[in-house]
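Asker: build me a model:
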Amino acid sequence: MVIHKGMEALQALGLTPAAEALLVRLMQRPETSPTDQDPVEELIGLGLVERTDDALVVRPPRLAMDALAERHTKQAALARESADLLTESWRPPAARTTSRSSRRTPPRRPC
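Answerer: Sure, this is the predicted structure:
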């Protein structure tokens, strides 16, 4: 569910709808004081918002989003490396059956 048009990219990066809505509210009305702390912690964890003594402050989104995108890029690269390593040792089921049967002792031929 996309709450604000053009914000699909935020959800693609893992931002929940509640955090997205809070981020937009904080940008429009900085005095917003949310009661649900889960979206607040999510935004703080992503570096999009910081907590001061008496308020939540939206940080410049470019730096936080670039860092988040970089983290996802690194995770994608690790996933590809893992796939390569697993593919090297993987054999299709037909190949496993063939290799097992090739290890068996061949049947004896009658003399």
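Asker: for the chain, where's the lowest mean pLDDT among helices and strands?
Answerer: helix 93-103 (a mean of 62; mean pLDDT, DSSP states H and E).
Asker: quick one: the helices in the protein?
Answerer: 8-12, 17-28, 37-46, 61-89, 93-103 (DSSP state H).
Asker: single out the most deeply packed of these.
Answerer: Of all the helices of the chain, helix 17-28 carries the top mean neighbour count, a mean of 18, counting by mean count of other CB atoms under 10 Å. Every C-beta, even on glycine, is put in place using the N, C-alpha and C of the backbone.
Asker: what helices or strands is that one leaning on?
Answerer: Counting contacts by 3 or more CB pairs under 8 Å, 6 or more residues apart in numbering; DSSP states H and E, helix 17-28 packs against helix 8-12, helix 37-46, strand 56-58.
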